[in-house]
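*Asks:* here is my input, please return the structure:
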Amino acid sequence: MNIEKIKNFNQILLSVVGVILICFLLLGFFSAAFILTNEVFKSKKDNGSTGILAEEKVEELQSENKRKQLVAYEYPRLADILNQVYIIPITHINLKKAENIAEYEFEERDAYERFEFSDSKSYKSYRERYYHNLIVFDNKTLTSKKLFNGRLNFNRIDVDYFKADGDIIVNFKAATKDTNKDGVIDQLDLKSIYLYSITNDKLNEITLPNADVKNYNFIEGEKDLIINFGIDANKSGIYDSRQEPNVIKKYIYKTGELVDVIQPKMMKELQQQLEGSSK
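*Replies:* Below you'll find the predicted structure:
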């Protein structure tokens with residue numbers, strides 16, 4: 001009888017020990033999986049960011065003589081065939097970790113060679129990437145100029161041709177400030193439109209205070225634009241199309257003026273009709 005009790009006790013003890021070991025193994029497995037998943041997503045987030053670092057982060061890195069992004073040049077695209085003028089979009093590489101600027105000064109060429117360049121067959125609209133400047137290269141004079149001295153982010157470049165006066169306008173919408181305070185300047189921030197005339201070497205900016213550019217188009221055969229602005233009503237630095245209003249404007253290229261397409265009185269009437277308060 002005592003032997004049977006001892007056997008039963010041993011079996012129970014072994015079962016308890018086995019359960020405890022299995023629990024420890026499962027806990028270790030899930031902990032390792034969590035840590036690995038977290039590192040992978042962190043790595044993807046760090047290296048897959050489409051924006052450029054905001055001023056605060058840049059100043060912090062500069063104080064340590066470090067950097068986390070490298071300039072990269074996309075293949076030149078011919079914008080003006082007759083005069084052989086090319087545009088070169090400037091993008092960037094996100095480094096896995098901040099590096100000392102002096103140590104890597106002579107290794108940047110290798111970094112550029114590792115970068116995968118993209119090309120587009122379209123003469124007017126280039127494949128979407130994320131850029132922070134644009135170089136205009138004149139092949140006849142062998143001169144280059146950058147369009148911007150400040151920091152910005154844009155993701156689509158269009159080139160429109162106007163038969164009436166032969167003008168060629170490079171255009172895109174871009175963010176210049178970290179308006180939503182998430183640490184990067186990207187397409188989630190409030191944006192403006194930029195128009196660069198290759199023919200006249202002139203850059204125009206179209207902006208509306210506390211507003212984001214949803215979309216825009218040139219009026220057929222004209223340089224004037226129809227623009228859909230999203231209004232950042234709560235001034236959060238980001239436009240929420242589900243909760244915040246929008247306005248339609250016309251941009252007059254010759255004067256640089258923005259005018260209403262839908263007059264304020266009509267907008268008020270439409271809102272009252274929606275609310276059922278119109279008489």
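*Asks:* per-residue pLDDT, the nearest residue to Asp212 once chain neighbours are set aside?
*Replies:* Counting by C-beta to C-beta, 6 or more residues apart in numbering, Tyr239 is the residue found nearest to Asp212 once chain neighbours are left out, at 3.9 Å. All C-beta spots, glycine's among them, are computed from the backbone N, C-alpha and C. Note on Tyr239: pLDDT of 95.
*Asks:* one more: Val184?
*Replies:* With respect to pLDDT, Val184 scores 85.
*Asks:* any idea what it is bridged to?
*Replies:* Counting by DSSP bridges, Val184 is bridged to Leu53.
*Asks:* where's it relative to Lys163, distance?
*Replies:* As for Val184, its distance to Lys163 is 40 Å (criterion: C-beta to C-beta, to the nearest Å).
*Asks:* more neighbours, those two?
*Replies:* More neighbours surround Val184 than the other of Val184 and Lys163, with 17 against 7 (other C-beta atoms under 10 Å).
*Asks:* okay, and Ala72 sits in which element?
*Replies:* In the assignment (DSSP states H and E), Ala72 maps to strand 66-73.
*Asks:* do Glu269 as well
*Replies:* Using DSSP H and E, Glu269 sits within helix 264-275.
*Asks:* now that helix: average pLDDT?
*Replies:* Mean predicted confidence for helix 264-275 is 90.
*Asks:* pull out the buried positions in that helix.
*Replies:* For helix 264-275, burial by neighbour count (16 or more other C-beta atoms under 10 Å) applies to no residue.
*Asks:* measure the closest residue to Asn217 other than its chain neighbours to Ala233 for me?
*Replies:* What sits nearest to Asn217 in space, not counting adjacent residues and going by C-beta to C-beta, 6+ apart, is Ile226, at 5.7 Å. Distance, Ile226 to Ala233, using C-beta to C-beta: 22 Å.
*Asks:* in this structure, where is pLDDT below threshold?
*Replies:* 1-11, 13-14, 16-19, 29-68, 95-128, 278-279 (pLDDT under 70).
*Asks:* neighbours of the residue nearest to Asn217, just the number please.
*Replies:* 14.
*Asks:* give me the element it is part of.
*Replies:* Using DSSP H and E, Ile226 sits within strand 225-231.
*Asks:* elements contacting the very next helix or strand once past that strand?
*Replies:* Downstream of strand 225-231, the first helix or strand assigned by DSSP H and E is strand 246-252. Packing partners of strand 246-252 (3 or more C-beta pairs under 8 Å, 6 or more residues apart in numbering; DSSP states H and E): strand 211-218, strand 225-231, strand 257-260.
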